[in-house]
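Trainee: fold the following for me, if possible:
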Amino acid sequence: MTRLILVRHCEAEGNTKGVLQGRTDSDVSGNSAVQLELVSLRLRNEPIAAIYSSPLRRAYKTARAIDKYHRLPILVDDRLAEIDVGVWEGLTWDEIERQNPRMLRVWKESPGEFRAEGGESMRDVYDRMWAAGLDIVRANEGRTVCAVSHGCAIRNFLCRALGRPVGEVNSVGWCDNTGVSVVDFDGALRPRVVKMNDASHLPPAFSAYRKNGGSVDTEMAP
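Mentor: Predicted coordinates:
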């Protein structure tokens, strides 16, 4: 059995400001320092044999924090990056509603058909995240490994691991910053989702979503 621990990056500038950051390489922000310390403590006793990260700063800094107790090289995989939302980058959902309400409805109601102008399709994310995960598992057979990625990217991976098509990605809830998911793979690369979007290490005051009584499941922003 090979265990893949997926971690969403800590709070970053886009989360603090309430804008889509996608491929924008925004820095960590807000509650990030506390979140990084708490997630590193949560994972310090896991027998992690390798740590992978998206190339974006908010993910890489999260991987470095997790590595505090493991002292491993951080392996960057571009396929773990967030969805490229093209012209939506840096916009709020209200701005998107005004500019392109039709595509916003696609995002909400038919995500398998989503592609923002100048950006990446949801299908592309679904496929590349799964390919990255399988490559990581194959390279670490029988071990526990950690991969740090992003909200929409992780949703797509979990959707595939649950055996659901890309059009059902919205059936997978949004993950809080530094939320943890765990997927086990057997020798035939069959996945079993053990834990999904667990941020129990974060008190509400240090969650960008929950500190004001909001629900992670209703968040739309990557």
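Trainee: report the contact partners of residue 146.
Mentor: 4, 5, 6, 7, 43, 46, 48, 50, 51, 52, 63, 66 (C-beta atoms under 8 Å, 6 or more residues apart in numbering). For the C-beta atoms, the positions are set from N, CA and C on the backbone; glycine is no exception.
Trainee: check residue 13 too.
Mentor: With C-beta under 8 Å, 6+ apart, residue 13 has these contacts: 21, 26, 27, 28, 29.
Trainee: nearest residue to the middle of the protein?
Mentor: For the chain, residue 150 is the residue whose C-alpha lies nearest the centre (C-alpha atoms, centre = their mean; 2.5 Å).
Trainee: now for the nearest residue to that residue once chain neighbours are set aside, how many residues are close by?
Mentor: Take residue 150 and drop its neighbours on the chain: the residue closest to it by C-beta to C-beta, 6 or more residues apart in numbering is residue 82, 3.6 Å away. For residue 82, the count of nearby residues is 26 (other C-beta atoms under 10 Å).
Trainee: who does the biggest helix by length in the chain touch, helix- and strand-wise?
Mentor: Longest helix of the chain, by residue count under DSSP state H: helix 122-139. In terms of contacts (3 or more C-beta pairs under 8 Å, 6 or more residues apart in numbering; DSSP states H and E), helix 122-139 is packed against strand 2-8, strand 48-53, strand 144-149, helix 151-161.
Trainee: please convert those to TSV, extending it with mean pLDDT and distance to residue 209.
Mentor: Putting these into TSV (pLDDT from 0 to 100; distance: least, C-beta to C-beta, whole Å) gives the following:
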stretch	mean pLDDT	distance to residue 209
strand 2-8	98	11
strand 48-53	98	22
strand 144-149	98	17
helix 151-161	98	10
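Trainee: closest one to residue 73 among those?
Mentor: Proximity to residue 73 (C-beta to C-beta) singles out strand 48-53 among these, at 7.7 Å.
Trainee: could you turn the buried ones of the contacts of residue 13 into a PyMOL selection?
Mentor: The following PyMOL line selects those of the contacts of residue 13 that are buried, judged by 16 or more other C-beta atoms under 10 Å:
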select buried, resi 21+26+28+29
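Trainee: and which of the contacts of residue 13 is nearest residue 142?
Mentor: residue 28 (33.2 Å).
Trainee: wait, isn't that closest one in contact with residue 57?
Mentor: Yes - Residue 28 is within contact range of residue 57, at 7.2 Å (criterion: C-beta atoms under 8 Å).
Trainee: from residue 53, how far off is the residue nearest to residue 150?
Mentor: For residue 82, the distance to residue 53 equals 12 Å [C-beta to C-beta, to the nearest Å].
Trainee: again with residue 146
Mentor: 9 Å.
Trainee: common neighbours of those two, please.
Mentor: Here residue 146 and residue 53 have residue 63 as joint contacts, going by C-beta under 8 Å, 6+ apart.
Trainee: noted, bye for now.
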